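S.K.: have a look at this prediction, sequence included:
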Amino acid sequence: MSLSTDAAPVTPAHLPEQADAARVAFVGAGPGDPGLLTVRARDYLAAADVILLDTIHRSEQLAPWCREDVEFVLAAPQVEGGRALSETARAKLLVRTACKFADPSHLVVRMMDGDPSAFSGLAAEALACRESGVTFEIVPGVSTAWSVPAYAGVPLTTHEASGELHMITAGDPSVEWSLHTREDITLVVLGEGKSLLAALRGLVDAGRPETSPVALTEHGTTVTQHTTVLTLADAIIAMETGRSDCPEASVAVVGPQVELRAELSWYETKPLFGWSILVPRTKDQAGPMTERIASYGATSSVVPTISVEPPRTPQQMDRAVKGLVTGRYEWIGFTSVNAVKAVREKFEALGLDARAFAGLKIAAVGGVTAEALREWGLEPDLVPDGEQSARGLLEAWPPYDDVLDPIDRVFLPRADIATETLVAGLQEIGWQVDDVTAYRTVRASPPPAPVRESIKGGAFDAVCFTSSSTVRNLVGIAGKPSPSTVVACIGPATAKTAEEHGLRVDVIAAEPNAEALVDALAHHARVLVAQARAEGEPVLRPSQRRAQTRRSRSKR
């Protein structure tokens, strides 16, 4: 017997002549968590000229992977009377958008929630493209039907290669509910509001036991996800009376696996899940911290308290960089990412590159600054193992040796408000120091009034201070955080400044870096949860406790 590796021939229907239009890519947006976008989806977002979305709030989630000049178009706008565009109207909008471009070198990305091939209008829109001669392709995504139950801690089957799984769309009049009534069947229902309620009623009316467990989830895979587990009967009553814990539920899972949620819930039990955390830092510096915060299930709001600006006069930096190139220095010491950025920008302005550092020893105050140097192609010779601060760097810095060191001078590009600890210490161990102002830090403008009210009113669960200046500047531009807000500080000096400004410090990081600060905050949250459970109290976020206190006072 011989085996053929030739693919089976495909005989498509008559293809219309290709139109002079942009290419279209139907791309799965996933269920809501931006981290569930596929690698291919991010590639297409980076190349897109236009992105059509079902909900405009997605544009904020997708922006980090898009070009600055990309155009966002709402593919499902509301018309008069509150009715959304039909599938046919959306398909026409897609084709019109693609045809605005004269050639297929342009790309229109049609983002569809979840996986485009399931529970979406893909068929109608792809057929419209085909009939118009617009070329298209399909990029699968992470399905809502699979991922939301997983994030809720509800496995859809309990054993490998066993179990029966049904998936339906609420509101589909063709559903035969009697096919889904066996108790050993796991049923996933996608829908919202009245259609989801009608689906659960139809299931009970067809004979599914009212005692069957059901998990209702709203805002699945996002940091506002909430899941409640009820019986079918109780779920129907809760939705009918408007007393549901998940009024915006869009996924329901019915089946025996729902009972495993008590043991397998992993997402909604993250230590900072649902917390809103204030990060007083510039957006350029906040990236690693906000990523760490998101990994613990919280949202972050970055409020810049300082603005980094060039020095008033550039001559001092110009002379120092010239000296660096001509061999004036034995060492250059970087005490912040901003210092790295300032020197790099000066190099680029003067037409220099990293090769000018040849033969120069490089010191970095800590891991974040060292990573900024590596991104520039420079490997630091000295990074303190212990305390990552000016003091820690000084302790690790070797003293000047007139036999081993041919040059006795150090270049320190720093902020205009930097302390003298490092300069004085280096001079004490024999080094000559050129302490050069590489950048200035000035107080940022006050945030909008609603943000200031949230800070003072206790809407934030925690605030993370990464330096004494962030404490002083936040209080100066926005006022003191509410007493209910957990205050976390990167080190003892920052904590002392916070206390001097009348703040109660709850958390101090074990190591002076942003990631360790967030880790310490997460540990504190775990302790709060354990204390509440030990005392038989409900587990509430700090902002919820504040709101509860206000309500109790108003009743008096």
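M.R.: Perfect, thanks for sending it. Numbers count the residues shown, from 1 in each chain.
S.K.: check which helix or strand the residue nearest to Ala356 when sequence neighbours are not counted maps to.
M.R.: Distance criterion C-beta to C-beta, 6 or more residues apart in numbering; nearest residue to Ala356, sequence neighbours excluded, is Val325 at 5.1 Å. For glycine as for every other residue, the C-beta is placed from the backbone atoms N, C-alpha and C. According to DSSP states H and E, Val325 maps onto helix 315-326.
S.K.: report the buried residues of that helix.
M.R.: Neighbour-count burial for helix 315-326 flags Gln316, Met317, Ala320, Val321, Leu324, Val325 (criterion: 16 or more other C-beta atoms under 10 Å).
S.K.: so the last one touches Arg355, yeah?
M.R.: No: in terms of C-beta atoms under 8 Å, Val325 does not count as a neighbour of Arg355; the distance is 9.9 Å.
S.K.: going along the chain, name the helices of the stretch 1-150 of the chain.
M.R.: If DSSP state H, counting those that start in this stretch is used as the criterion, the helices of the stretch 1-150 of the chain fall at 39-47, 58-62, 87-99, 122-132, 144-151.
S.K.: for the stretch 401-550 of the chain, same thing?
M.R.: 421-428, 449-457, 468-478, 492-500, 514-534, 542-555.
S.K.: show me what the second one is in contact with.
M.R.: For helix 449-457, contacts defined as C-beta atoms under 8 Å, 6 or more residues apart in numbering pick out 278, 301, 303, 446-447, 459-460, 463, 474, 478-482, 485.
S.K.: what do you get for the first one?
M.R.: For helix 421-428, the surrounding residues in contact (C-beta under 8 Å, 6+ apart) are Gly333, Thr335, Ala390, Arg391, Leu393, Leu394, Trp397, Val410, Leu412, Val433, Asp435.
S.K.: where does pLDDT dip in the stretch 351-500 of the chain?
M.R.: By pLDDT under 70, the weakly predicted segments of the stretch 351-500 of the chain are 418.
S.K.: could you rerun that using 90?
M.R.: Counting by pLDDT under 90, the stretch 351-500 of the chain has low-confidence residues at 354, 366-368, 385-392, 402-405, 414-421, 440-445, 467-469.
S.K.: report pLDDT for Met317.
M.R.: In this model, Met317 is scored at 93, pLDDT.
S.K.: considering the contacts of helix 421-428, which possesses the most neighbours?
M.R.: Among the contacts of helix 421-428, Gly333 has the most neighbours (other C-beta atoms under 10 Å), with 29 neighbours.
S.K.: for the residue nearest to that one when sequence neighbours are not counted, what is the enclosing helix or strand?
M.R.: In space, and not counting its chain neighbours, Gly333 is closest to Ala363: 4.3 Å by C-beta to C-beta, 6+ apart. Using DSSP H and E, Ala363 maps to strand 361-364.
S.K.: quick one: residues in contact with the following helix or strand past that strand.
M.R.: Moving toward the C-terminus from strand 361-364, the next helix or strand (DSSP H and E) is helix 367-375. Residues outside helix 367-375 that contact it (C-beta under 8 Å, 6+ apart) are 288, 334-337, 339-341, 362, 364, 379-380, 383, 388, 513-514.
S.K.: from these, which land in strands?
M.R.: Of these, the ones assigned to strands by DSSP state E are Phe334, Ile362, Ala364.
S.K.: which of these are buried?
M.R.: The buried subset of these (16+ other C-beta under 10 Å) comprises Phe334, Ile362, Ala364.
S.K.: and those residues, which is closest to Thr269?
M.R.: Nearest to Thr269, judged by C-beta to C-beta, of these is Ala364 at 37.4 Å.
S.K.: you'd agree the closest one is up against Leu378?
M.R.: No: contact criterion C-beta under 8 Å: Ala364 and Leu378 do not qualify, at 9.2 Å.
S.K.: quick one: common contacting residues for these two?
M.R.: Contacts common to Ala364 and Leu378, judged by C-beta under 8 Å, 6+ apart, are absent.
S.K.: find the nearest non-adjacent residue to Ala370, please.
M.R.: Ala364 is the one closest to Ala370 (C-beta to C-beta, 6+ apart), at 4.1 Å.
S.K.: show me what that neighbour is bridged to.
M.R.: Beta-bridge partners for Ala364, by DSSP bridges, are Phe334.
S.K.: from Ser117, how far out is it?
M.R.: The spacing between Ala364 and Ser117, counted by C-beta to C-beta, to the nearest Å, is 49 Å.
S.K.: over to Ser105?
M.R.: Counting by C-beta to C-beta, the gap from Ser105 to Ser117 is 26 Å.
S.K.: the two - which one has more neighbours?
M.R.: Neighbours were counted for Ser105 and for Ser117 using other C-beta under 10 Å; Ser117 has more, 16 against 9.
S.K.: hmm, the more buried one is touching Pro140, no?
M.R.: Yes: at 6.4 Å, Ser117 and Pro140 qualify as touching, with contact defined as C-beta under 8 Å.
S.K.: pretty sure Ile429 is touching Ala396, no?
M.R.: No: taking C-beta under 8 Å as the definition, Ile429 is not a contact partner of Ala396, at 11.5 Å.
S.K.: sorry, back to before: buried ones among the contacts of helix 449-457?
M.R.: 278, 301, 303, 447, 459-460, 463, 474, 478, 480-482, 485.
S.K.: biggest separation within those, which pair?
M.R.: So, the buried ones among the contacts of helix 449-457 by C-beta to C-beta: farthest apart are Ser301 and Lys480, at 16.7 Å.
S.K.: show me the chain divided up by domain.
M.R.: 23-142, 146-264, 276-305+445-555, 309-443 (automatic domain parsing).
S.K.: same list, these, but as TSV with distance to Glu17 please.
M.R.: Shown next, in TSV, are the domains of the chain (distance: least, C-beta to C-beta, whole Å):
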stretch	distance to Glu17
domain 23-142	5
domain 146-264	36
domain 276-305+445-555	48
domain 309-443	49
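S.K.: right, and the ones you listed - which one's nearest Pro16?
M.R.: Across the domains of the chain, closest to Pro16 is domain 23-142 (C-beta to C-beta), at 4.5 Å.
S.K.: that closest one: how far from the chain's middle?
M.R.: 22 Å (C-alpha atoms, centre = their mean, to the nearest Å).
S.K.: check contacts around Thr497.
M.R.: Going by C-beta under 8 Å, 6+ apart, Thr497 touches Ser468, Val471, Arg472.
S.K.: what's the answer for Arg440, then?
M.R.: Val308, Glu309, Pro310, Pro311, Arg312, Ala415, Asp416.
S.K.: burial count for the last one?
M.R.: By that I understand Asp416. Around Asp416 there are 13 residues (other C-beta under 10 Å).
S.K.: the third one now?
M.R.: Neighbouring residues of Pro310 were enumerated by other C-beta under 10 Å; the total is 14.
S.K.: how close does it get to Leu350?
M.R.: For Pro310 relative to Leu350 (C-beta to C-beta), the value is 14 Å.
S.K.: give me whichever of the helices of the stretch 401-550 of the chain is most buried.
M.R.: Highest mean neighbour count of the helices of the stretch 401-550 of the chain: helix 468-478, a mean of 21 (counted as mean count of other C-beta atoms under 10 Å).
S.K.: ok, for Leu179, nearest residue in space, not its chain neighbours?
M.R.: Using C-beta to C-beta, 6+ apart, the closest residue to Leu179 is His166 (7.5 Å).
S.K.: kindly state the beta-bridge partners for the one you found.
M.R.: Under the criterion DSSP bridges, His166 forms beta bridges with Leu187.
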